[in-house]
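**Student:** here is a sequence together with a model predicted from it:
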Amino acid sequence: MSSKIKFFKEAVKNIKTLGTVAPSSRFLSKRMLREINFSKADVLVELGPGNGAITKYILERLSPKATLICFEINDNFYRQLQDLKHPQLIVLKASAENIIEELKKLHIYKVNYIISSLPLTIIPDEVSDEILDRSFEILAKNGSFIQFQYSLSYFKKLKKVFKESISLEFEPLNIPPAFIYRCKKVE
Ligand SMILES: C[S@@+](CC[C@H](N)C(=O)[O-])C[C@H]1O[C@@H](n2cnc3c(N)ncnc32)[C@H](O)[C@@H]1O
């Protein structure tokens, strides 16, 4: 079975936690990553990697000393990601709001980039607020939180956390087309 069909089947069962029926296109995946300085990134986190549509491009670009830690709550996706068996990849079956506690267990206290495809608009407000606050807290100075969304409805919330340090891009070649928010921690 192709990975797109597998993703679709999972989406039908779990639409409230997936928020879409198709994995991200290669165009969206590459655009998400294009401003990351991989040569200087030691620790990267991916929130909501699904079946690895973006993960595989991150792994291709990682510097030899870097680590990627993925947070995924879906059992089947968690197993598919583990099957990648990449030496620089750690897959956690954990929810994104526990990012600080989970990373602490790995003795990680700062992160250079957080790449998120979490369906923030359908996650309960108190949980999504916690995810953004905790992501901000664990980011290193000049680190970035990169998020895609299918609408602009989350801009205000991201602004509350990251203030003016947000840039916006649009990727038409995805189903559905998506906005990319790049939020920098400048303090
Ligand atoms: C829109 S899909 C994105 C999948 C993939 N990254 C892509 O771009 O094709 C969102 C993913 O977030 C995961 N997810 C939802 N809530 C989560 C949470 N609180 N913590 C971690 N993962 C979560 C879902 O299981 C799903 O795999």
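**Tutor:** Received the coordinates, thanks.

**Student:** burial of the residue nearest to Ile36 when sequence neighbours are not counted, as a residue count?
**Tutor:** Sequence neighbours aside, Tyr113 is the residue nearest to Ile36 in space, at 5.6 Å (criterion: Cβ to Cβ, 6 or more residues apart in numbering). Just so you know, the C-beta spots here come from the backbone N, C-alpha and C atoms, and that holds for glycine as well. Neighbour count for Tyr113, taken as other Cβ atoms under 10 Å: 24.

**Student:** list the contacts of the helix-or-strand element of the chain with minimal mean pLDDT.
**Tutor:** Lowest on mean pLDDT, DSSP states H and E among the helices and strands of the chain sits helix 15-18, with a mean of 73. Outside helix 15-18, the residues within contact range by Cβ atoms under 8 Å, 6 or more residues apart in numbering are 10-11, 21, 50, 73-74, 119, 122.

**Student:** is the ligand contacted by that helix?
**Tutor:** Yes. Interface with the ligand: helix 15-18 contributes 17-18 (Cβ under 6 Å from any ligand atom).

**Student:** following element in sequence after that helix, please.
**Tutor:** Following the chain from helix 15-18 toward its C-terminal end, the next helix or strand by DSSP states H and E is helix 26-33.

**Student:** give me the buried positions along that next one.
**Tutor:** Residues of helix 26-33 classed as buried: 28-29, 31-33 (neighbour count, 16 or more other Cβ atoms under 10 Å).

**Student:** name the helices or strands packed onto that helix?
**Tutor:** Judged by 3 or more Cβ pairs under 8 Å, 6 or more residues apart in numbering; DSSP states H and E, helix 26-33 is in contact with helix 55-61, strand 139-149, strand 166-171, strand 178-184.

**Student:** quick check: Asp42 touching Ala66?
**Tutor:** Yes. Here Asp42 reaches Ala66: they are 5.4 Å apart, a contact under Cβ atoms under 8 Å.

**Student:** okay, the two: which has more neighbours?
**Tutor:** Applying other Cβ under 10 Å to Asp42 and Ala66 shows that Ala66 carries more neighbours, namely 19 against 15.

**Student:** CA-only coordinates of the least confident helix or strand of the chain, as PDB, when you get a sec.
**Tutor:** Extracted in PDB, the C-alpha atoms of helix 15-18 (Å, rounded to 0.1, in the frame of the first residue of the first chain):
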ATOM      1  CA  ILE A  15      -9.400  13.300  11.500                       C
ATOM      2  CA  LYS A  16      -9.600  15.200  14.800                       C
ATOM      3  CA  THR A  17      -5.900  14.800  15.500                       C
ATOM      4  CA  LEU A  18      -4.600  14.800  11.900                       C
END
